[in-house]
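> Turn this into a structure:
(one chain, ligands or ions: 1)
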Amino acid sequence: MASISLRNIVKRYGHGPKAHQVIHGVNAEIQNGEFIVLVGPSGCGKSTLLRMIAGLEEITGGELWIGNRMVNTLEPAKRNIAMVFQNYALYPHMSNFENMAYGLKIAKVPADEIRRRVDKAAKILELSHLLERKPRELSGGQRQRVAMGRAIVREPQVFLFDEPLSNLDAKLRGQTRIEIQKLHAELGITSLFVTHDQVEAMTLAQRMIVMNAGNVEQFGTPEEVYHQPASTFVASFIGSPPMNLLHHAPGGQTGRILGVRPEHIDLVPGNGSGGWEFTVETVELLGAERLLYGKVGGEDVTVRVEEGRPYPKPGETTRIAARADRLHWFDQTTGQRITA
Ligand SMILES: Nc1ncnc2c1ncn2[C@@H]1O[C@H](COP(=O)(O)OP(=O)(O)OP(=O)(O)O)[C@@H](O)[C@H]1O
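The predicted structure is shown next:
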């Protein structure tokens, strides 16, 4: 197990006038044994950062430390890292046992030690009865578990996951997420998990790094990121549906954007006064709740209402009240959170 320290990490592709910088000086201190999720929209640089840590991509600037070693130029095989990919990357002609054992065989680990480690990993992953089969005789979720098993048997210091669940259907994704959590609880290996799915990020992370366009927007626990988003970017990226951001909120201050989540707005009952005038445009039923999409003073606002409660219909106007202790303020120019 090991800590990971990213110190002003920069990545540029190409050279000279054609150079294209995609990571702009990332800093992060990851503690030994933490489960960190790297989340952000497509193209923000998540995979590039992960691949630099794995040693599959050269680091242009800054320092990468794993444990007490600066590993910028250390070859991948010497970094003591195991990576789990989206497409599993299993050998189709080998049995699942052989797939899991392959890396150890290459590393000349004795056969009885290989057997011991594969059996142990298979037990943790509930794959023991499937070891003699080929990958094609497994479901997608089981294949992904074999890929994880192959990573576990190497007893690495660090696990890197590159969107490992994105090929699975929604139900399996949920189950595999729980398995990964159990695995981490059991093994306690420092893990970095890349995803563009904010639900996956919120549910898996002990702490999450929210990235945007090659920069870290926020590094914090899911609670911090949800309750105290550092910027309008984080506020609208984390949470579904996203936080309402009002540039001209009634009663707001110039130069400030007011943020409030759809779940923190109440309908004002009856003909009550106060709050904001809200005109409903569309209504969506999501099962346990209903989403009302509409306008407040020309700006888009979404309100979440528990199913079973009365709600205004499209075309109707009502009053809504944002909960005073749930308001967020952001600087209109920089988009950064204002704490005072
Ligand atoms: N080999 C390369 N040469 C030049 N530019 C690249 C190369 N690989 C990636 N990029 C660019 O670097 C940026 C970050 O890409 P990266 O794949 O890290 O993003 P990502 O956040 O992982 O996105 P996704 O979720 O779509 O995989 C993108 O603008 C991409 O076009």
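> Enumerate every residue touching the closest residue to Gln218 other than its chain neighbours.
Nearest non-adjacent residue to Gln218, counting by C-beta to C-beta, 6 or more residues apart in numbering: Ala230, 4.0 Å away. Where you see a C-beta, it was placed from the backbone N, CA and C, and this is true even at glycine. Counting by C-beta atoms under 8 Å, 6 or more residues apart in numbering, Ala230 touches Val210, Glu217, Gln218, Gly220, Gln336, Arg337.
> and which of the residues you listed is nearest Thr282?
Nearest to Thr282 among the contacts of Ala230: Val210, at 28.9 Å, using C-beta to C-beta.
> Pairing partners for that closest one in the sheet, please.
The residues listed as beta-bridge partners of Val210 by DSSP bridges are Val39, Gln218.
> Run a quick check on it versus Thr221, I expect a contact.
No. Checked against C-beta atoms under 8 Å, the pair Val210 and Thr221 is beyond contact range at 11.7 Å.
> Of the two, give the one with the bigger neighbour count.
For Val210 and Thr221, the more surrounded residue by other C-beta atoms under 10 Å is Val210, and the numbers stand at 26 against 13.
> Quick one: residues contacting the more buried one.
Val39, Gly40, Val216, Glu217, Gln218, Phe219, Val225, Ala230, Phe233, Val234, Phe237, Ile238.
> what helix or strand is Ala121 on?
helix 111-124 (DSSP states H and E).
> which helices and strands does that helix pack with?
The contact analysis (3 or more C-beta pairs under 8 Å, 6 or more residues apart in numbering; DSSP states H and E) places helix 111-124 against helix 96-106, helix 140-152, helix 170-187.
> Nearest to Ile265, out of those?
helix 170-187 (27.9 Å).
> in that closest one, what's buried?
Within helix 170-187, the residues that qualify as buried are Leu172, Arg173, Thr176, Arg177, Glu179, Ile180, Leu183, His184, Leu187, counting by 16 or more other C-beta atoms under 10 Å.
> Contacts for it, please.
Residues external to helix 170-187 that are found in contact with it (C-beta under 8 Å, 6+ apart): 35, 124-125, 139-141, 144-145, 148, 152, 161, 164-165, 168, 191, 193, 200, 203-204.
> let's see 10 Å
Here helix 170-187 makes contact (C-beta atoms under 10 Å, 6 or more residues apart in numbering) with 1, 33-35, 84, 121, 124-126, 139-142, 144-145, 148-149, 151-152, 155-156, 159, 161, 164-168, 189-191, 193, 197, 199-200, 203-204, 206.
> now those residues: which count as buried?
Buried members of the contacts of helix 170-187, counted by 16+ other C-beta under 10 Å: 1, 34-35, 84, 121, 124-125, 141-142, 144-145, 148-149, 151-152, 156, 159, 161, 164-165, 167-168, 189-191, 193, 197, 200, 204.
> Get me the contact residues on the protein for the ligand.
Tyr13, His20, Val22, Gly40, Ser42, Gly43, Cys44, Gly45, Lys46, Ser47, Thr48, His196 (C-beta under 6 Å from any ligand atom).
> Trp276: which of those residues is nearest?
Checking these one by one against Trp276 (C-beta to C-beta), the nearest turns out to be Gly40, at 31.8 Å.
> what's near enough to touch that closest one?
For Gly40, the contact set (C-beta under 10 Å, 6+ apart) comprises 46, 49, 194-196, 198, 201, 208-217, 233-234, 237.
> which element is the nearest residue in space to Glu316 that is not next to it in sequence on?
Excluding the flanking residues, the one nearest Glu316 by C-beta to C-beta, 6+ apart is Val280, at 5.4 Å. Element membership for Val280, per DSSP H and E: strand 276-285.
> likewise Arg304?
Using DSSP H and E, Arg304 falls within strand 299-306.
> Next secondary structure element downstream of that strand?
strand 317-322.
> what angle separates that next one from strand 299-306?
Going by axes from the mean of the first three to the mean of the last three C-alpha atoms, to 10 degrees, strand 317-322 is angled at 80 degrees with respect to strand 299-306.
> Next, the angle strand 276-285 makes with strand 317-322.
Using the same axes, to 10 degrees: strand 317-322 against strand 276-285 is 100 degrees.
> ok, Leu125 - contacts?
Met100, Gln142, Gln144, Arg145, Val146, Met148, Gly149, Ile152, Glu179, Lys182, Leu183.
> the domain parsing of this protein - what is it?
Taking automatic domain parsing as the domain assignment, the ranges for the chain are 4-234, 241-331.
> Dump these into JSON lines; add mean pLDDT as well.
Listed next are the domains of the chain as JSON lines, based on pLDDT from 0 to 100:
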{"stretch": "domain 4-234", "mean pLDDT": "92"}
{"stretch": "domain 241-331", "mean pLDDT": "92"}
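> and those domains, which is most packed in?
domain 4-234 (a mean of 18; mean count of other C-beta atoms under 10 Å).
> what's the spacing between that domain and its chain's center?
How far domain 4-234 lies from its chain's middle: 11 Å, per C-alpha atoms, centre = their mean, to the nearest Å.
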